[in-house]
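K.L.:
This is a predicted model, with the sequence first.
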Amino acid sequence: MMLKEYVRDIQDFPKKGILFKDITPLLASPEATNVCLQKLTEKLKNVKIDKVVGVESRGFFFGTLLAHELQAGFVPVRKAGKLPFTTVSASYELEYGTDTLEIHADAIQKGDKVLVHDDVLATGGTIKAVCELVEALGGEIVQVSFLMELLFLNGGDKIKAYDRFAVMEY
């Protein structure tokens with residue numbers, strides 16, 4: 001199955017000069033979704049995963065599916081002020097400023113084996129901050145996974161310490 005056929009390009013979204021990779025056609029196809037899920041779990045079949053951390057918001061789509069498939073708990077990471085309980089936060093650089101992500105303080109236990117998932121690896125700032133949150137809570141990151149990696153943005157350079165996998169590369 002040619003999964004890239006289920007990802008459409010949207011020019012100038014969310015702002016001029018950006019070519020956005022829209023995964024909604026992929027999500028609308030049960031077959032394509034299943035193929036992605038199988039590719040994301042292939043290397044993890046014999047690996048114990050306690051928690052899958054999904055990054056707001058498109059990382060939630062496959063994050064919850066991965067947690068179910070791997071019989072692990074699901075942990076959301078959200079933007080500041082969106083989680084209702086005590087949180088731990090990490091800030092990261094954007095091209096135009098900073099942003100902050102949060103995780104519940106009790107979401108990861110010391111020694112938990114963690115899969116971190118997001119939809120796309122672009123510049124790497126977001127996923128680096130998420131990995132810092134997981135490790136601050138005592139989690140051990142087994143892998144970081146993505147539906148897509150935009151290789152030309154070199155985001156992988158920020159997370160070299162981790163095993164990473166992307167279903168599709170651009």
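P.N.:
Cool, got the structure.
K.L.:
what is the mean pLDDT for stretch 2-16?
P.N.:
Confidence for stretch 2-16, expressed as mean pLDDT, is 96.
K.L.:
same question but for stretch 62-72, I mixed them up
P.N.:
98.
K.L.:
got the residue ranges for the helices in this protein?
P.N.:
Applying DSSP state H to the chain gives helices spanning 24-28, 30-41, 59-69, 125-136.
K.L.:
Only the C-alpha atoms, please, for the first one, written as PDB.
P.N.:
It refers to helix 24-28. Extracted C-alpha coordinates of helix 24-28, given in PDB (Å, rounded to 0.1, in the frame of the first residue of the first chain):
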ATOM      1  CA  THR A  24      -7.100  13.200   7.400                       C
ATOM      2  CA  PRO A  25      -7.500  11.100   4.200                       C
ATOM      3  CA  LEU A  26      -5.300   8.400   5.900                       C
ATOM      4  CA  LEU A  27      -7.400   8.500   9.000                       C
ATOM      5  CA  ALA A  28     -10.600   8.100   6.900                       C
END
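K.L.:
For that helix, give me every contacting residue.
P.N.:
3, 6-8, 32-33, 36, 61, 147 (CB atoms under 8 Å, 6 or more residues apart in numbering). All C-beta atoms are positioned from the backbone trio N, CA, C, and that covers glycine.
K.L.:
Of the helices of the chain, which is nearest Val53?
P.N.:
helix 125-136 (5.9 Å; CB to CB).
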